[in-house]
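K.L.:
Give me coordinates for this.
(4 chains)
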Protein chains: 4
Amino acid sequence: MSDQTTTRRPCVPALEAILGDTIPVLDHGFVRVVDYMGDDGAIVQAARVSYGRGTKKVNEDRGLIRYLMRHRHTTPLEMCEIKLHVKLPIFVARQWIRHRTASVNEYSARYSILDHEFYLPTEETLGAQATGNRQGRGDPVSKARAAEVLGWLRGDAEQSYAHYKAMLNLDGPDGGTADPQVEGIARELARINLSLGFYTQWYWKIDLHNLLHFLSLRIDPHAQHEIRVYGEAIARIVEKWVPWAWEAFRDYRLEGASLSRMELAALRAAARGEAVGQPDLEALGMSKREAREFFERFPEIAPEK
Amino acid sequence: MSDQTTTRRPCVPALEAILGDTIPVLDHGFVRVVDYMGDDGAIVQAARVSYGRGTKKVNEDRGLIRYLMRHRHTTPLEMCEIKLHVKLPIFVARQWIRHRTASVNEYSARYSILDHEFYLPTEETLGAQATGNRQGRGDPVSKARAAEVLGWLRGDAEQSYAHYKAMLNLDGPDGGTADPQVEGIARELARINLSLGFYTQWYWKIDLHNLLHFLSLRIDPHAQHEIRVYGEAIARIVEKWVPWAWEAFRDYRLEGASLSRMELAALRAAARGEAVGQPDLEALGMSKREAREFFERFPEIAPEK
Amino acid sequence: MSDQTTTRRPCVPALEAILGDTIPVLDHGFVRVVDYMGDDGAIVQAARVSYGRGTKKVNEDRGLIRYLMRHRHTTPLEMCEIKLHVKLPIFVARQWIRHRTASVNEYSARYSILDHEFYLPTEETLGAQATGNRQGRGDPVSKARAAEVLGWLRGDAEQSYAHYKAMLNLDGPDGGTADPQVEGIARELARINLSLGFYTQWYWKIDLHNLLHFLSLRIDPHAQHEIRVYGEAIARIVEKWVPWAWEAFRDYRLEGASLSRMELAALRAAARGEAVGQPDLEALGMSKREAREFFERFPEIAPEK
Amino acid sequence: MSDQTTTRRPCVPALEAILGDTIPVLDHGFVRVVDYMGDDGAIVQAARVSYGRGTKKVNEDRGLIRYLMRHRHTTPLEMCEIKLHVKLPIFVARQWIRHRTASVNEYSARYSILDHEFYLPTEETLGAQATGNRQGRGDPVSKARAAEVLGWLRGDAEQSYAHYKAMLNLDGPDGGTADPQVEGIARELARINLSLGFYTQWYWKIDLHNLLHFLSLRIDPHAQHEIRVYGEAIARIVEKWVPWAWEAFRDYRLEGASLSRMELAALRAAARGEAVGQPDLEALGMSKREAREFFERFPEIAPEK
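P.N.:
Residues are numbered from 1 along each chain as shown, chains lettered A, B, ... in the order given. You can find the predicted model right below:
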């Protein structure tokens, strides 16, 4: 980080306080705030340009931010930007990069040599395949099974990294050439022997609107654990950066819900005091599975069993 | 349009039937389907690639599309694309272009001469400024006031177009030079005399995911009438093109609702049979205005007055 | 602007010095730097992440930035961001908004009342239609013709603004209601009477890579004068902000050239000392017009007439 | 593919002829055209909308497409769209996905089980690390070294796949459960043991403008061999699809060149018959390396040694 200097730009002391700090995630990963632009006030400032004289009477900034979030007027949120340095396993990077609205500079394994660092789940996170959910993770497996699996993961990663170094003709992480008689394979080829658990790193820059969308997907309980922990670390950063926007995001998005026409009709009926049963939900157009999930989500309505 | 020819691509007979037809909108505008790619089946096809063997048991296509819409798995919707030719007033084009995820080729008034066509509201749509909503339109004004206003709109448009032609040194829409002694002003300058009510046209190409997002904003009752009628015309096209996706979009987005944490809590309380009053809503975190709008939205819950 | 405060983020004193200053453009427009993120060093920093250990030997930052520009490794340029407040005529805004990679908050004439400010060309910029170039502007017209045209432009703008106010039932720019008996037309409708020469304003935020692309198109001699002057004002800002990137951009993009296969072959032939005539260029695949323009561009090669 | 049916959309017989065909790339990969929209005529059609009456005199379509490409008027190229099904190694997918302007549906290893297929270079493509270029590949290594390296690559891939199946508790590619007593690890975790050489697949949809940009980077000699062969397969598809656009792209982009201010000045001097030496180039602003590369690129100019 730069030494302290003076600026006339908006500053966020709570974010300045952690600027450049490495926030650990998983076994070798991290998130680090490199730079940022804007604050809660910058959102308000941009919204006021849109509304011009029309908002003279809007009383206060927190209320305006909540109004924007509630009505999905999201363009003022694009006026804030953040740049993070992230170290993350390649399989996490592969999910992350699907968000196309960010700028990325990733460590290149064509130019450089990947570090000897790979992700291993803990015993607690080494879950069985979920049964009800084809993409999910169930309870942790037994300690014996975990030991077996971790042994494979560790052993294969160590062996493939040893061969990676041997292909590159390096004998150590210091990058020294091992044997001048041996031909070093191109880095861009040697790396293909490494597994998806190895760590990469990148600079990642995104505006607040798109970051909140990223977070809404990635801190969701259905997201894979290993990306969710990054999402949660970033969420804590956002909370420091733009506390009003974060509060509004929680109230109107994260802890709210999108209801279907059928769900809305069922809730209205329940609010009128009507009994709502599975046949009613299906008559509205829900599938059996939707009806079941609706009752799980709204146990207040579920008919007694 | 091309003559009929054979293809091995997916075809949608209901859309082929209107391909190239001019669907009138407003007084001089139109929407016209120029080309399209994909159908409901293309959404399913792309989703099945994502899920691979994992979806062997998903029984049918309509259900899969509904599942995607319900869980906001929107990437398969990007696999369908449509190209429209649209004629629209410039002030409508200015709102429309804010959707950045489309491809556009607009008629250029630097190269060419704009037609002598401008939008005039009808008496029915010539509304007063709304009182409760700073951006909205209220009831139609009186016939006398409408006549006065339409007179101004028409008169100013006619006069500015006459001067436009005079600057260009043209005496008619056929583009003939009026007087070889008079200097014609550059088209790129002369056009600045025309008002936002004049018509422009463009080719506009967008994928289904982004089109549905466009429609969700533009057929909303808060959208300006003059863009909403375009949205509605396009909605009828989408319904022909991808009927299952459209049905799912209506059930899970258009006719559903996004509820805040506070609204959700209030609905749960009502479903449990509890009385919910204004103070309860404010205790949950709603502003007075939100509470009032909540009761308007859910009259089932509103306490008796 | 904020008062001075301290930050650990990269700062650019030359840009801080003009932060918030209104830089006049055209008769009523301006550009104003609201905020920025990053500097030349931030480009280098991001590039070094990509190259990792691989760049230990790259000697210095200016050279690395030139290397990036030369090889079109543009992603590190995305790591810098700038936010401008711009006041501009609507016809300029219509060209500007076609750049889809920026964030925009525009003054809304649905919410608010547009100011009584419209663009008028000067006598010097009031050009005739170009003859060789369908979209271009030729020499200024005569003073008499200019006076006539400016009279129309001013008169029509004044009249349409007067009617705009009359529709809104306002008697002055202070926004006071004129006559409580008269129905005010909805702002979203009344504005359609205004011409493309009226001023709007927006906050516009973009990263450096996309900004340089914008500038390469908009400070080009073929760009319309009225947007080019904005481009030139922004170019001077970029030069203060990231002087090395700007220098490299000039050397490798602005003052360089993209040559076709045919142009390249002709230049190679000339460099070998061969005479190159029109038939040679056409034999390479140029059209007559391309050949003529080639000789205009490279008079060193043009055969003597 | 669908059976043949009739359509009024533009059709390209040369592309219809290969629709759905699997074009092999690398040892287990492929490219397959799934669908397309538009043809050379669609580019012309969109350009004519932009130019309106202004292009009455443009004589023919091929010339107009060349004009667009020459002047980088690229928006009409966005009016064509293609959808490909691609099977590719994960390390290739990681480079490919950096192009953010496409739509993608990738096979999900959270839902489904990856096939037992990984990429192995051939002896001919198993290159040594390049010496002059930190990211490049030099000559093939010796047969003995190749055998050793291929042994490691194959052995590690086989072992990690065997453990992958063992974690999933599957005994074969048919997906049957091996031993009901053994806990199957979640697919989303087990996959992290697989290397970057394993194959994935996706549907990839992109417009022609962005596809040409992709190709300009990916069929460049500096691109990694394993992605370049995909680029070349797609280039042959594009040539069938839009032959005029492809020809223009080759003439104005692929086989042309972007020259810097310094290169342009040096070429002009050479065309005037002046001798141009290394000191001259450096005086213009080139680095020593640029000057050396300039002479390699333009041996016509290089001073005799």
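
K.L.:
which residues of the stretch 101-250 of chain A score low on pLDDT?
P.N.:
A:171-178 (pLDDT under 70).

K.L.:
and if we set it to 80?
P.N.:
A:131-135, A:171-179 (pLDDT under 80).

K.L.:
just the strands in it please.
P.N.:
A:103-106, A:127-129, A:137-140, A:199-207 (DSSP state E, counting those that start in this stretch).

K.L.:
Now the shortest one: buried residues?
P.N.:
What it means is strand A:127-129. A:127-129 (16 or more other C-beta atoms under 10 Å in any protein chain shown). Heads up, the C-betas are built off the backbone N, CA and C, glycines and all.

K.L.:
Run a quick neighbour tally on whichever residue of the stretch 201-305 of chain A sits closest to chain D.
P.N.:
Closest contact between the stretch 201-305 of chain A and chain D, by C-beta to the nearest C-beta, is at A:Gln224 (5.2 Å). When counting by other C-beta atoms under 10 Å in any protein chain shown, one arrives at 18 neighbours for A:Gln224.

K.L.:
Could you verify my assumption that it touches A:Trp96?
P.N.:
No. Assessed by C-beta atoms under 8 Å, A:Gln224 is found out of contact with A:Trp96, at 10.7 Å.

K.L.:
which residues touch A:Leu88?
P.N.:
A:25-26, A:29, A:96, A:199-202, A:230 (C-beta atoms under 8 Å, 6 or more residues apart in numbering or on different chains).

K.L.:
now do 7 Å
P.N.:
Applying C-beta atoms under 7 Å, 6 or more residues apart in numbering or on different chains, we find A:Leu88 in contact with A:29, A:96, A:199-200, A:230.

K.L.:
any idea which of these is closest to D:Cys80?
P.N.:
Ranked by distance to D:Cys80 (C-beta to C-beta), the contacts of A:Leu88 are led by A:Trp96 at 30.5 Å.

K.L.:
ok so, going back, top of the contacts of A:Leu88 by number of neighbours, please.
P.N.:
Busiest of these [other C-beta under 10 Å] is A:Tyr230, holding 28 neighbours.

K.L.:
Mind listing the residues bridging to the residue nearest to it when sequence neighbours are not counted?
P.N.:
Leaving aside its chain neighbours, A:Tyr230 sits nearest to A:Val25 (5.4 Å; criterion: C-beta to C-beta, 6 or more residues apart in numbering or on different chains). On the basis of DSSP bridges, A:Val25 is bridged to A:Gly29.

K.L.:
Quick check: A:Val25 vs chain D, distance?
P.N.:
A:Val25 sits 16 Å away from chain D, taking C-beta to the nearest C-beta, to the nearest Å as the criterion.

K.L.:
How about A:Gly41?
P.N.:
Taken as C-beta to the nearest C-beta, the span from A:Gly41 to chain D is 30 Å.

K.L.:
So for A:Lys305, what's the pLDDT?
P.N.:
A:Lys305 carries a pLDDT value of 52.

K.L.:
repeat for A:Asp27
P.N.:
Model confidence at A:Asp27, expressed as pLDDT, equals 98.

K.L.:
Would you list the phi and psi of it?
P.N.:
Main-chain torsions, A:Asp27, degrees, to the nearest 10: phi -80, psi -30.

K.L.:
What is the burial count for it?
P.N.:
13.

K.L.:
OK, contacts around A:Ala128?
P.N.:
Taking C-beta under 7 Å, 6+ apart, we find A:Ala128 in contact with A:138-139, A:141, D:183-186.

K.L.:
how about the residues of chain A that lie near chain B?
P.N.:
Taking C-beta under 7 Å from any C-beta of the partner chain as the test, the list of chain A residues beside chain B reads A:54, A:63, A:70, A:134, A:251-252, A:255-262, A:264, A:267-268, A:270-273, A:285, A:287, A:298, A:300-301.

K.L.:
Name only those of those that count as buried.
P.N.:
By 16+ other C-beta under 10 Å, the residues of chain A next to chain B give A:54, A:70, A:134, A:251-252, A:256-257, A:259-262, A:264, A:267-268, A:270-271, A:298, A:300-301 as buried.

K.L.:
Keep these, but drop any that are not near chain D.
P.N.:
Restricting those to those within reach of chain D (C-beta under 7 Å from any C-beta) leaves A:Arg134.

K.L.:
Which of the buried ones among the residues of chain A next to chain B fall in strands?
P.N.:
Cross-referencing those against strands under DSSP state E gives A:257, A:259.

K.L.:
now the residue of the stretch 151-300 of chain A found nearest chain C, which residues is it bridged with?
P.N.:
Taking C-beta to the nearest C-beta as the measure, the stretch 151-300 of chain A has A:Tyr203 as its residue closest to chain C, at 4.9 Å. When bridges are called by DSSP bridges, A:Tyr203 pairs up with A:His85, A:Asn105.

K.L.:
Just give me the neighbour total for it.
P.N.:
So A:Tyr203, with other C-beta under 10 Å, has 28 neighbours.

K.L.:
can I assume it is in contact with A:Ala102?
P.N.:
No. Judged on C-beta atoms under 7 Å, A:Tyr203 makes no contact with A:Ala102 at a distance of 9.9 Å.

K.L.:
Okay, helices next: where are they in the stretch 51-200 of chain A?
P.N.:
Using DSSP state H, counting those that start in this stretch, the helices of the stretch 51-200 of chain A run over A:61-70, A:90-96, A:143-168, A:187-190.

K.L.:
Pick the most buried one from those.
P.N.:
Ranked by mean neighbour count, these are led by helix A:187-190 with a mean of 24 (mean count of other C-beta atoms under 10 Å in any protein chain shown).

K.L.:
close to chain C, is it?
P.N.:
No. Legend: contact between helix A:187-190 and chain C by C-beta under 7 Å from any C-beta is lacking; minimum distance shown is 8.6 Å.

K.L.:
send the alpha carbons of that helix over as PDB?
P.N.:
The C-alpha coordinates for helix A:187-190 follow below in PDB (Å, rounded to 0.1, in the frame of the first residue of the first chain):
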ATOM      1  CA  ARG A 187       5.500 -23.900 -18.700                       C
ATOM      2  CA  GLU A 188       2.200 -23.700 -20.600                       C
ATOM      3  CA  LEU A 189       2.300 -27.400 -21.100                       C
ATOM      4  CA  ALA A 190       3.800 -28.600 -17.800                       C
END
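
K.L.:
Could you see whether chain D lies near it?
P.N.:
Yes. Applying C-beta under 7 Å from any C-beta, one finds helix A:187-190 touching chain D at A:187-189.

K.L.:
For those residues, give me CSV that also has distance to D:Leu208.
P.N.:
Formatted as CSV, these follow (distance: C-beta to C-beta, whole Å):
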residue, distance to D:Leu208
A:Arg187, 34
A:Glu188, 29
A:Leu189, 32
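
K.L.:
out of those residues, who's nearest C:Ser108?
P.N.:
A:Glu188 (50.7 Å).

K.L.:
Could you pull up the contacting residues of the closest one?
P.N.:
A:110, D:135, D:137, D:224.

K.L.:
What distance do you get for the closest residue to the last one other than its chain neighbours to D:His225?
P.N.:
This means D:Gln224. Among residues not flanking D:Gln224 along the chain, A:Glu188 sits closest, at 5.2 Å (C-beta to C-beta, 6+ apart). The gap separating A:Glu188 from D:His225 is 8 Å, by C-beta to C-beta, to the nearest Å.

K.L.:
Next, show the common contact partners of the two.
P.N.:
Joint contacts of A:Glu188 and D:His225 (C-beta under 7 Å, 6+ apart) are D:Arg137.

K.L.:
and the closest residue in space to A:Leu77 that isn't next to it in sequence, how many neighbours?
P.N.:
Excluding its sequence neighbours, the residue lying closest to A:Leu77 (C-beta to C-beta, 6+ apart) is A:His209, at 3.8 Å. A:His209 has 19 neighbouring residues, counting by other C-beta under 10 Å.
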